[in-house]
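*Asks:* Mind looking at a prediction? Sequence and model below.
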Amino acid sequence: MDEVSTSPSKKSHTLLWKHADFMKLWLGQTISEFGSQITGLALSLTAVIVLHATANDMGVLEALQGIPFLFALFAGVLADRVRRRPLLIFADSGRFVLLILIPLAVLFHVLNMGFLFVVVFGVGCLTVLFDVAYQSYLPSVVSSSELVEGNSKLESTRAVSAIAGPALAGVLVQWLTAPFALLIDAGSYLVSVISIIVIRRSESIETLPHQLGIWTQIREGMAFVVKNSFLRSIVITTALGNFFSGITGAVMILFAVRGIGMNASLLGVVYALDAIGAAVGAIMGGRLGRSVGLGRAIIIAQTSSTIGGFLLPLAHRPVVVGFSLYVASGVLISFGAVAYNVNQVSARQAITPAQLLGRMTASIRFIIWGIIPFGSLLGGILGSHIGLRPTLMISAAGGVLPVLWAVLSPIRAMRSVSEIG
């Protein structure tokens with residue numbers, strides 16, 4: 001089994017650049033991620049500016065994006081029972097249809113928070129299906145030795161799209177209004193569908209026999225994660241971080257708009273500059289893992305995100321001060337999140353048997369993403385009762401816990417994938 005800490009050879013780099021199917025997958029995802037950057041900002045601003053959402057409303061909105069991950073276990077079974085490429089095509093097609101409903105609702109004057117909640121939940125369900133199938137599909141497109149490089153490239157383009165996407169989103173929201181800016185993301189999902197359709201390489205995995213019960217298959221996937229000390233530790237570390245990120249996500253845009261005075265264009269610039277950290281994380285994440293070891297790289301990355309979290313509650317007027325602190329926070333958080341994922345996701349893919357990839361991914365996402373809605377709901381409640389800034393302070397303090405867990409867990413001693421058993 002190839003080690004994540006092994007530096008890809010020059011030949012490996014060349015093969016990926018000339019790997020036609022990977023390039024198709026990569027292109028489609030780059031465009032889709034670009035559009036998603038617009039949606040991330042446009043949905044929140046639709047709620048805050050167009051529908052005058054409260055902190056509780058924003059908490060529910062954030063929660064509904066995460067609640068679908070509680071059904072990830074079933075998506076994992078499906079991803080191991082059938083070919084994954086058709087699932088990707090179905091998920092992106094569905095997201096296209098749902099997103100265009102929002103501007104249509106505006107045209108017919110029926111848009112309200114309830115309508116927005118339904119669409120967001122539907123998009124979330126399809127996102128769960130796509131993400132589980134996508135991480136399980138990548139090993140069918142590239143070899144085991146190319147996984148780190150493939151994930152690094154995918155994270156790199158995600159970061160690059162994030163640099164321009166939010167800045168454009170801010171302009172589009174100002175120009176088209178937030179609901180109509182969502183049409184851009186809807187179009188990006190169509191491009192992603194086409195790029196997946198034209199991939200020629202067939203999946204080389206054997207699907208699960210349908211005679212096996214769904215719950216039996218779910219238990220097999222969960223048992224694999226629980227019994228592996230590395231995966232178990234990663235799940236706890238990530239879940240802790242995501243819970244407190246959920247609290248932050250519920251109030252940070254509300255705080256930026258109403259507490260600091262930022263508008264859509266300025267928020268777009270903030271998100272674009274934040275992506276500098278993501279780009280560095282994508283480029284340096286693999287190198288960091290090879291130079292200091294897998295475990296230490298994960299701890300360093302998580303620490304960066306934790307430090308960034310402490311800068312948000314320090315933001316205040318005038319706008320230039322709040323803007324600067326939001327940017328600094330975002331750079332640190334983005335660097336940490338991407339560098340963290342490059343290392344831990346590649347390791348997860350490399351150590352998991354092909355027939356378990358879907359269920360492994362789903363089992364982990366069921367926990368680490370399923371916990372976010374609870375953080376979001378708590379964030380909305382806290383924001384309404386104790387204020388936005390104190391809520392951000394609580395979230396920042398809680399961000400220390402995943403770092404402590406990673407340091408005290410078996411993660412710290414891990415040097416490479418070969419040590420994970």
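*Replies:* Looks like it came in fine. Numbering: from 1, shown residues only.
*Asks:* Which SSE is immediately downstream of the longest helix seen in the chain?
*Replies:* Criterion DSSP state H: the longest helix present in the chain is helix 319-351. Next helix or strand after helix 319-351 toward the C-terminus (DSSP states H and E): helix 357-368.
*Asks:* Need the contact partners of that following helix.
*Replies:* For helix 357-368, the external contacting residues (Cβ atoms under 8 Å, 6 or more residues apart in numbering) are 69-80, 84, 128, 131-133, 135-136, 139, 205, 217-218, 220-222, 224-225, 231, 234-235, 238-239, 242, 348-349, 352. C-betas here are computed from N, CA, C, even on glycine.
*Asks:* residues in contact with Ile67?
*Replies:* Ile67 neighbours (Cβ under 8 Å, 6+ apart): Phe121, Gly124, Gly370, Pro373.
*Asks:* right, and the pair among these with maximum separation?
*Replies:* Phe121 and Gly370 (14.0 Å; Cβ to Cβ).
*Asks:* With neighbour numbers in mind, choose between the two.
*Replies:* Neighbour tally, Phe121 and Gly370, criterion other Cβ atoms under 10 Å: the higher count belongs to Gly370, 20 against 16.
*Asks:* Pretty sure the more buried one sits against Ala75.
*Replies:* No. At 11.8 Å, Gly370 does not count as touching Ala75 under the criterion of Cβ atoms under 8 Å.
*Asks:* Low-confidence stretches in the stretch 301-421 of the chain?
*Replies:* Across the stretch 301-421 of the chain, residues meeting the criterion (pLDDT under 70) sit at 417-421.
*Asks:* likewise the chain?
*Replies:* In the chain, residues with pLDDT under 70: 1-18, 37, 143-148, 155-170, 174, 178, 203-212, 417-421.
*Asks:* number of nearby residues for Gly213?
*Replies:* Neighbours of Gly213 (other Cβ under 10 Å): 10.
*Asks:* what's the answer for Trp369, then?
*Replies:* 24.
*Asks:* tell me the phi and psi of it?
*Replies:* When read as degrees, to the nearest 10, the backbone of Trp369 gives phi -100, psi -30.
*Asks:* ok, now the one 10 residues further on?
*Replies:* Comment: the main-chain dihedrals of Gly379 come out as phi -60, psi -40, following degrees, to the nearest 10.
*Asks:* ok, and the closest non-adjacent residue to it?
*Replies:* Nearest residue to Gly379, sequence neighbours excluded (Cβ to Cβ, 6 or more residues apart in numbering): Ala250, at 3.1 Å.
*Asks:* Just want to check the distance between the one you found and Ala181.
*Replies:* Counting by Cβ to Cβ, to the nearest Å, the gap from Ala250 to Ala181 is 22 Å.
*Asks:* between those two, which one's more packed in?
*Replies:* Ala250 (34 against 28).
*Asks:* what sits against that one?
*Replies:* 55, 58-59, 62-63, 375-380, 383, 391.
*Asks:* my guess is Leu401 contacts Leu240, does it?
*Replies:* Yes. When contacts are counted by Cβ under 8 Å, Leu401 is listed as touching Leu240 (4.8 Å).
*Asks:* okay, these two: which has more neighbours?
*Replies:* Leu240 (22 against 16).
*Asks:* and that one, what are its phi and psi?
*Replies:* Dihedral angles for Leu240 - degrees, to the nearest 10 - are phi -60, psi -50.
*Asks:* thinking it is in contact with Pro402, fair?
*Replies:* Yes. Counting by Cβ under 8 Å, Leu240 touches Pro402, with 4.0 Å between them.
*Asks:* Please point out which parts of the longest helix of the chain sit buried.
*Replies:* Across helix 319-351, burial judged by 16 or more other Cβ atoms under 10 Å covers 322-323, 325-351.
*Asks:* just the angle between that helix and helix 357-368, please?
*Replies:* 140 degrees (axes from the mean of the first three to the mean of the last three Cα atoms, to 10 degrees).
*Asks:* Give me the neighbour count for the closest residue to Gly221 other than its chain neighbours.
*Replies:* Sequence neighbours aside, Arg359 is the residue nearest to Gly221 in space, at 2.6 Å (criterion: Cβ to Cβ, 6+ apart). Using other Cβ under 10 Å, Arg359 has 32 other residues around it.
*Asks:* Next, find the distance separating Arg359 from Thr237.
*Replies:* 21 Å.
*Asks:* before we move on, what about Pro318?
*Replies:* Separation of Pro318 from Thr237 (Cβ to Cβ) stands at 37 Å.
*Asks:* These two - which one has more neighbours?
*Replies:* Thr237 (25 against 9).
*Asks:* pretty sure that one is touching Leu404, no?
*Replies:* No. Here Thr237 does not reach Leu404: they are 9.5 Å apart, not a contact under Cβ under 8 Å.
*Asks:* and Gly277, what does it touch?
*Replies:* Taking Cβ under 8 Å, 6+ apart, one finds Gly330, Val331, Leu332, Ile333, Ser334, Phe335, Gly336, Val338 in contact with Gly277.
*Asks:* switch the cut-off to 10 Å
*Replies:* Counting by Cβ atoms under 10 Å, 6 or more residues apart in numbering, Gly277 touches 159, 162, 304-305, 308, 327-339.
*Asks:* Quickly list what's touching both of Phe121 and Gly370.
*Replies:* Shared contacts of Phe121 and Gly370, defined by Cβ under 10 Å, 6+ apart, comprise Ile67, Pro68.
*Asks:* how many other residues sit next to Met23?
*Replies:* 15.
*Asks:* so it touches Ser195, yeah?
*Replies:* Yes. Between Met23 and Ser195 there is a contact at 9.2 Å, judged by Cβ atoms under 10 Å.
*Asks:* before we move on, back to that, overlap in contacts of Leu240 and Pro402?
*Replies:* In contact with both Leu240 and Pro402: Gln302, using Cβ under 10 Å, 6+ apart.
*Asks:* Which residue comes closest to Asn112 once chain neighbours are left out?
*Replies:* Leu51 (6.7 Å).
*Asks:* any idea how far stretch 282-291 is from the chain center?
*Replies:* 19 Å (Cα atoms, centre = their mean, to the nearest Å).
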